[in-house]
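A.B. asks: the following block contains a protein sequence and its predicted model.
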Amino acid sequence: MVSGLTIGERQGAIVILVLLAVIGTIMAAAAGRTGDPMSVHGFIVLLFSLAVLAVVFWGYYTPAPDEGRLKSYYDDPSKAGIIIAMIWAVIGMFVGDWVAWLLAYPDLTFDAAWSSFGRLRPVHTTGVIFGFGGNALIATSFHVMQRTSRARMPDQLSPWFVLVGYNLFCILAVSGYLLGITQSREYAEPEWYADIWLVIVWVTYLVLYLRTLARRKEPHIYVANWYYLAFILVVAMLHIVNNLAVPVSYAGAKSYSLFSGVQDAMTEWWYGHNAVAFFLTAGFLAMLYYYLPKRAERPIYSYRMSIVGFWGITFFYMWAGSHHLHYTALPQWVQTLGMSFSAMLLIPSWIAAANALLTLNGAWHKVRDDATLRFMMMAAVFYGLTTFEGSFMAIRPVNSLSHYTDWTIGHVHAGALGWVALITFGSIYALVPWLWKRERMYSLKLVEAHFWLALAGTLVYVFAMWNSGVIQGLMWRTYNESGTLAYSFVDSMIAMHPYYITRAIGGLLFLAGALIGCYNIWMTIRRPAPVAESARWDAPLPAALQPAE
Amino acid sequence: MSVNERDPHTGHMLTGHEWNGIKELNTPVPKPVWIFLIAAFLFSVACWILLPAWPLGSTYTKGLLGTDQRDVVTEQVHNAAMARSVWTGKIAAMDYAAIRRDQALMTMVRQDGHRLFGDNCAACHGINAMGGKGYPNLIDRDWLWGGDAETVAQTIRAGINSSDENTRVSQMPSFGRDGMLDGKAIFAVSQYVLSLSNPGAVKGTPAETLRTGAKVFADNCAACHGPKGLGDHAMGAPNLTDNIWLYGGDAQTIYTTIYDGRHGEMPAWSPRLSATDIKILTLYVLDRGGPPQ
């Protein structure tokens, strides 16, 4: 890994890591004086930077890469990103299934603070969304932006900074939850110092992406890059605004949001829903738009639908967040806007899903035979289903039934398992043999097994939560002849129990699929007999050659 | 690549773009897409016209329906209260005995009481009201403070050892921890207490110990639990001669109770529940215990 860096970049990495180690030491010392849990984070930053520093020193005296490297794409960070993403997938899904059992059997906390539902649940959400999803997005975006620009990344250090720095953020986030460090903002729980660090990482990511695009040898920018760029740009904006906060002390973890009351709630859900839009949708649509046509070897069905879909999704999503606050203290006019824009959002969402499925025209026999492509096809189907469900649930009267129930959880997982995870697994199964220059995955049967486990797990999960959610919603609004509510809350809890067990079993199936995927990827990487020569087309255009306009 | 290339499978023209082997068809956006887009937009426009929708500086468009969620909720809550008042009015006005004789009213009490009990009381007393360790069983007709309706209602209103100014106050002192009795005396009195409800359990205990225990009991416990250990509702002191135990009736638990003391708490519910709700809960709890004796 280090052998790919120039000597100057190796020195740059050392400077950055030493600086980080110093920051970690200061955090540990400053917070340690008051016994603030931030000191643990100081030690984590210190250890993390020392560990990466050790890796850099280990490879420091390997020969510098020759100029020949510029004739190929730089894929080392993508390879590392894929492996890290799979590790996070297993961690995040394992904790997810753990908390699923915890809901069915609340005594599983063993009376420890860190193992309570409130602390473990964000470990699950951050682990799968940011750990698994985020690393997969970073890894694939590096791969896709180089190919579709026909240009190598401008340098070797910044992609590593983005990948490694991003994972430091994820580790700070997850360890913080277990320690009880949280802003209590859903999907934005990490405290101020972790947030500042992510801003630095994310701006580097944006600059890297723009620099690569600026070096492109193609006259046009491919759709996947529109989506990746929207993802990077808007996530930066959302993250910064939602996390505006004043730390109580620079030597402590606690901070207070700049917003209060209903403005605070609105800012959080403007962030929250656009995280769904630009992290979990735009980023993964970028994956879909590259790996699906590539794997199917079919042209995109309609360039025009790509355009309408992209601008529709980016424009409408921005307004939709207030549908998370129907029937609350939020003024009703904001709710009406959120509801109506959510309804309009369905059309561009379905345009994107239809564009993907119609691209498979002429390749349906491949969908039948190739589980990798079937992952992507099924992802597009779930994308369509989930966006329909989302728009439907955003209608106020529907929301009055679905809100605060497990229906929401079912909806989220139809999207997260059925759409986000399936497109990611499909893309990874396509990408791994390309990256490691193997003919194909180690075992196609295991890809097939993973597909069916993932699909079964998703369906079991989602159907359990639909049932549970609708039953909950109905129990909470059932009146008896005395004109009072027929059920107490605990009655609805008891009614949920069988569904919670079913859900946990669905999650277990999904986790089992991910474990099989890890094994398959690992065996593919370990397998000898690489393809003799990388495909000729898989290289950037030399600087001298310009494509015909 | 040619700009005028045609895809042989679909028959559509290609755009001429190509990225690493990915091409695009120049298929026009299908008509239904535009129709649905327009339909969704018209739906939105209708929402904006009918409902509060767009901000205008310090105010907003109110919508033709003139609806406001706050007014809607206020009206619905008022109407529901009015509808319920048909029977809640009777509950408030009538006395406990009369209500318990009125089967129609008791049906309402059972329905609403189930929900009130589940949402407020079940967390400690269990959804079946049978309590648990440290939480009294409410349907065994054995009462710490007395089982007549007004007494039960007062317990719900003010709580036990709560922060309410009218709270019931009761405490089992820590005879051992606070040094009032030595270990030997505590063992003796615990064996004696055990013998009151379960003579069989102290068969192996020397008569001397039980005699000592009886004396310790008379000197230290009888003030609250009564000379015969029958308890006292005025003090909230439990009857020690029956087989109903709040913390457990085995020798070890009795010893621990005397050594460490007990200081159970029940919150006052008057700040949270209305007088009628408390009356309904009282009736519900008594009703769960069976018909009036």
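C.D. replies: The structure has been received and is ready for your questions. Residues are numbered from 1 along each chain as shown, chains lettered A, B, ... in the order given.
A.B. asks: tell me the contacts of residue 120?
C.D. replies: Assuming you mean chain A. For A:L120, the contact set (Cβ atoms under 8 Å, 6 or more residues apart in numbering or on different chains) comprises A:V95, A:W98, A:V99, A:L102, A:W114, A:Y177, A:L178. Using the backbone N, CA and C atoms, a C-beta is placed for each residue, glycine as well.
A.B. asks: not quite, go with chain B.
C.D. replies: B:W269, B:R272, B:L273, B:L281.
A.B. asks: quick check: pLDDT value at the residue in chain B that chain A sits nearest to.
C.D. replies: Residue of chain B nearest chain A, by Cβ to the nearest Cβ: B:G118 (2.3 Å). You'll see B:G118 listed with a pLDDT of 96.
A.B. asks: that one sits in which helix or strand?
C.D. replies: helix B:103-120 (DSSP states H and E).
A.B. asks: and that helix, how far out from the chain's middle?
C.D. replies: From the chain centre to the centre of helix B:103-120 is a distance of 14 Å (Cα atoms, centre = their mean, to the nearest Å).
A.B. asks: distance between the helix or strand just after that helix and the chain's centre?
C.D. replies: Downstream of helix B:103-120, the first helix or strand assigned by DSSP H and E is helix B:122-125. Centre-to-centre, helix B:122-125 and its host chain are 5 Å apart (Cα atoms, centre = their mean).
A.B. asks: with stretch A:301-317 instead?
C.D. replies: With Cα atoms, centre = their mean as the basis, stretch A:301-317 stands 21 Å off its chain's centre.
A.B. asks: tell me the mean pLDDT for it?
C.D. replies: Confidence over stretch A:301-317 (mean pLDDT, whole number) is 96.
A.B. asks: likewise stretch B:242-251?
C.D. replies: Mean pLDDT, stretch B:242-251: 94.
A.B. asks: where does pLDDT dip in chain B?
C.D. replies: Within chain B, the segments meeting pLDDT under 70 span B:1-3, B:292-293.
A.B. asks: got the CA positions of the helix holding B:G118 in CSV?
C.D. replies: Output of helix B:103-120 as CSV, limited to C-alpha atoms (Å, rounded to 0.1, in the frame of the first residue of the first chain):
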residue,chain,number,x,y,z
GLN,B,103,-73.2,-3.0,35.9
ALA,B,104,-73.4,-0.7,32.9
LEU,B,105,-71.0,1.7,34.6
MET,B,106,-68.7,-1.0,35.7
THR,B,107,-68.3,-2.2,32.1
MET,B,108,-67.0,1.3,31.3
VAL,B,109,-64.8,1.2,34.3
ARG,B,110,-63.3,-2.2,33.3
GLN,B,111,-62.7,-1.0,29.7
ASP,B,112,-61.1,2.3,30.6
GLY,B,113,-59.4,0.9,33.8
HIS,B,114,-57.6,-1.7,31.8
ARG,B,115,-56.0,1.0,29.7
LEU,B,116,-55.3,3.3,32.6
PHE,B,117,-53.8,0.5,34.7
GLY,B,118,-51.7,-0.7,31.8
ASP,B,119,-50.3,2.7,31.0
ASN,B,120,-49.7,3.8,34.6
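A.B. asks: now the helix or strand harbouring A:L337: how far from the chain's centre is it?
C.D. replies: Assessed by DSSP H and E, A:L337 sits inside helix A:332-359. Its chain's C-alpha centre and that of helix A:332-359 lie 21 Å apart, by Cα atoms, centre = their mean.
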